[in-house]
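Engineer: take a look and give me a structure for this.
(chains A and B)
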Amino acid sequence: MSALTYLLPWEFSPALLLSVLITGGLYTRAIFLKTNKERTAKFYWQVLSFYLGLVAIYIVSHTYVDYLSQYMFWVHRFQHLVLHHLGPLLLVLGGVQWVQQGAPSWFSSWSKVPAFIRVPCELCYRFIQHPVVAPVVFVGLIYLWLIPEIHFAAMLSKKLYWIMNWSMLIDGFLFWWLVLGPEWQGEQKGFKTRLLMMVVVVVPQQLLGAYLTLSRNVLYDVYDVCGRAWPISPLSDQIYGGVITWIPASMMSVLGLVLVLRRRLNYLKRKENELS
Amino acid sequence: MSYPKIIFSTIFLFALSACSNDEPTRLTNIKGLIPDLAFELTDENNATVTEKNYLGYTTAVFFGFTSCPEVCPTTMHQWAATLKKLGDSATSVKVLFVSVDPERDSTDKLKQYTELFGPAFIGLRGEDAVIKDMTKRYRVTFGYGDKDTQGDYEVSHSSAVFVFDQYGKARLLATQSSAPDDLLHDLKNLLASSR
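Structural biologist: Alright, predicted model coming up:
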């Protein structure tokens, strides 16, 4: 197999390609518009984080990794780890909000959108970003797509597979945006809530991961039905997948926790300096 | 805890069940989930065949290989036994055995293999790329293990049998673990509805 086979998309997705190109393009334009004063060491770390996140999302959904994800349970778990946890977190840490600065001015005039479109959109957004709803949806989606019957249908049907991966990516982004996005300013805007949200999402993910890893039965027969990318015992496939769901996924949530704590510390320091 | 989850799953399951308005099946109903039957392959008599050759028949498509030690022979025997039980109506069923190991499975070898199971069984083969495209269409795959000293190798492949109706529409999915009674029951219903 040539190198091209590994790099070319298994199933070409114009939606994904356009999203990555537009986001990446606008961001790149925005960082060139930054003044020298704004280019601190933190800025370069953010740029690195952003591109890493974007490239990671592209690789797991638009190369040979996507093929493997359809025919190997553990690769599928890895794909979702990137789509739902790692990728969106890196984008948010990388200052994805700068995309707006790189966009043409008509792009960012949300208030000019007719009310009948804008209001329902805003209501939906407010609902899904509610501090109680967001963690439930975050964990709920992981559970939902792993219900054996639903998982079976999602792996068998191209349409459902597409919906599954997009729902993970969008939800991951919304969640990390809520927890670590730039809108977080100051104690009163919910430092404690964010901390609590991070704690709440860790435990159910660990339970699920442990269940998958320690289960003696093969829970997802769709990989036998559809065939695996290479010969491997179904139970080892499931154990690897379980471990990925168990350890790195919950570790990412702990990392989120640490990041929220660090933000609070920086905030308190800044406030102290202002006072003295 | 998971109130939106319940809503989500309800909508989801409802959407899934909306695909199957007709008689409930005991095997997995794949109506609407999998594309229609379409292929161009070489059959065991070296003739080029397409899905059109089998329109009017209820077809069962299986991706296997003749040196398969377990899954393929078990599945084929199960189908042979089921067809026997179906009696006369079995004449409108064709079982298409598509080889995922074209390197080792020549047309002669396929012919010898399918003759073991009966006249309804037809071996099909094609170039590697053609088979890859066909398996991709049905969202299944296959892969090869390393060769041993005798040049033999393991093949990972789908254990599914996709059943298409006389119009080439995907209807049922049976696996090695499907109960023979369920298979017989669903096939009878499918054949009765297509008359």
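
Engineer: where in the stretch 51-200 of chain A is pLDDT low?
Structural biologist: In the predicted model, the stretch 51-200 of chain A carries pLDDT under 70 at residues A:107-108, A:184-189.

Engineer: in it, which residue sits nearest chain B?
Structural biologist: When distances are taken as Cβ to the nearest Cβ, the stretch 51-200 of chain A approaches chain B most closely through A:Gly140, which lies 3.7 Å from it. Glycine gets a C-beta too; all of them are placed from N, C-alpha and C.

Engineer: make sure I have this right: that residue is in a strand.
Structural biologist: No - under DSSP: H, G, I helix; E, B strand; the rest coil, A:Gly140 falls outside any strand and is assigned helix.

Engineer: pLDDT value on B:Ser158, please?
Structural biologist: Here, the pLDDT recorded for B:Ser158 equals 88.

Engineer: the one 5 residues further on now?
Structural biologist: We have a pLDDT of 95 for B:Val163.

Engineer: my understanding was that it contacts B:Tyr57; is that so?
Structural biologist: No - using Cβ atoms under 8 Å, B:Val163 and B:Tyr57 do not qualify as a contacting pair, with a distance of 11.1 Å.

Engineer: which of these two has more neighbours?
Structural biologist: Neighbour totals were compared for B:Val163 and B:Tyr57, and B:Val163 leads with 23 against 19 (other Cβ atoms under 10 Å in any protein chain shown).

Engineer: now do the SS call for the more buried one.
Structural biologist: Recorded secondary structure, B:Val163: strand (three-state DSSP).

Engineer: Three-state assignment for the nearest residue to it once chain neighbours are set aside, please.
Structural biologist: The shortest distance from B:Val163 to any residue that is not its chain neighbour, by Cβ to Cβ, 6 or more residues apart in numbering or on different chains, is 4.0 Å, and that residue is B:Leu172. Using three-state DSSP as the criterion, the local structure at B:Leu172 reads strand.

Engineer: in the sheet, who's paired with B:Leu172?
Structural biologist: Note on B:Leu172: beta-bridge partners by DSSP bridges are B:Asn29, B:Val163.

Engineer: low-confidence stretches in chain B?
Structural biologist: Applying pLDDT under 70 to the predicted model, the residue ranges of chain B that meet it are B:1-23, B:195.

Engineer: which parts of it are strands?
Structural biologist: Under the criterion DSSP state E, chain B carries strands at the ranges B:28-29, B:40-43, B:48-50, B:58-64, B:93-99, B:121-125, B:143-144, B:155-156, B:161-164, B:170-174.

Engineer: kindly export the fourth one (C-alpha atoms) in PDB.
Structural biologist: I take that to be strand B:58-64. Listed next in PDB are the C-alpha coordinates belonging to strand B:58-64 (Å, rounded to 0.1, in the frame of the first residue of the first chain):
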ATOM      1  CA  THR B  58     -33.900 -13.600  -3.100                       C
ATOM      2  CA  THR B  59     -30.100 -13.400  -2.700                       C
ATOM      3  CA  ALA B  60     -27.900 -14.000   0.300                       C
ATOM      4  CA  VAL B  61     -24.500 -12.400   0.000                       C
ATOM      5  CA  PHE B  62     -21.600 -13.600   2.100                       C
ATOM      6  CA  PHE B  63     -17.900 -12.500   2.000                       C
ATOM      7  CA  GLY B  64     -15.600 -15.400   2.800                       C
END
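
Engineer: now for it, which elements pack on it?
Structural biologist: Of the remaining helices and strands, those touching strand B:58-64 by 3 or more Cβ pairs under 8 Å, 6 or more residues apart in numbering or on different chains; DSSP states H and E are helix B:71-86, strand B:93-99, strand B:161-164, helix B:180-193.

Engineer: cool, and the last one?
Structural biologist: With contacts defined as 3+ Cβ pairs under 8 Å, 6+ apart, the packing partners of strand B:170-174 are strand B:28-29, strand B:161-164, helix B:180-193.

Engineer: got a list of contacts for the last one?
Structural biologist: Under the contact criterion Cβ atoms under 8 Å, 6 or more residues apart in numbering or on different chains, helix B:180-193 has outside partners B:22-23, B:25-27, B:58, B:78-79, B:81-82, B:85-86, B:89, B:92-93, B:163, B:165, B:171-172, B:174.

Engineer: all helices of the stretch 1-150 of chain A, in order?
Structural biologist: With DSSP state H, counting those that start in this stretch as the criterion, the stretch 1-150 of chain A has helices at A:3-7, A:14-33, A:41-62, A:64-71, A:73-80, A:87-93, A:99-102, A:115-128, A:133-146, A:148-156.

Engineer: from A:Ala41, how far off is A:Lys158?
Structural biologist: 45 Å (Cβ to Cβ, to the nearest Å).

Engineer: first to last residue in stretch A:226-239, what's the distance?
Structural biologist: Between the opening and closing residues of stretch A:226-239 lies a distance of 19 Å (Cα to Cα, to the nearest Å).

Engineer: next, the buried residues of that stretch.
Structural biologist: Burial within stretch A:226-239, assessed by neighbour count using 16 or more other Cβ atoms under 10 Å in any protein chain shown, is assigned to A:Cys226, A:Gly227, A:Arg228, A:Ala229, A:Trp230, A:Pro231, A:Ile232, A:Pro234, A:Asp237, A:Gln238, A:Ile239.

Engineer: adding secondary structure, write the residues you listed out as TSV.
Structural biologist: TSV is the format used below for the buried residues of stretch A:226-239 (three-state DSSP):
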residue	secondary structure
A:Cys226	helix
A:Gly227	coil
A:Arg228	coil
A:Ala229	coil
A:Trp230	coil
A:Pro231	coil
A:Ile232	coil
A:Pro234	helix
A:Asp237	helix
A:Gln238	helix
A:Ile239	helix
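
Engineer: chain B next: which of those are close?
Structural biologist: When Cβ under 8 Å from any Cβ of the partner chain is applied, the members of these adjacent to chain B are A:Cys226, A:Gly227, A:Arg228, A:Ala229, A:Trp230, A:Pro231, A:Ile232.

Engineer: wait, doesn't the last one sit right on B:Glu154?
Structural biologist: Pointing back at A:Ile232 there. No - here A:Ile232 does not reach B:Glu154: they are 10.1 Å apart, not a contact under Cβ under 8 Å.

Engineer: most tightly packed of the helices and strands packed on strand B:170-174?
Structural biologist: strand B:161-164 (a mean of 24; mean count of other Cβ atoms under 10 Å in any protein chain shown).

Engineer: that strand - contacts with which helices or strands?
Structural biologist: For strand B:161-164, the elements it packs on are strand B:58-64, strand B:170-174, helix B:180-193, judged by 3+ Cβ pairs under 8 Å, 6+ apart.

Engineer: dump those to a markdown table, plus distance to B:Val49.
Structural biologist: Below are these laid out as a markdown table (distance: least, Cβ to Cβ, whole Å):
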| stretch | distance to B:Val49 |
| --- | --- |
| strand B:58-64 | 11 |
| strand B:170-174 | 19 |
| helix B:180-193 | 22 |
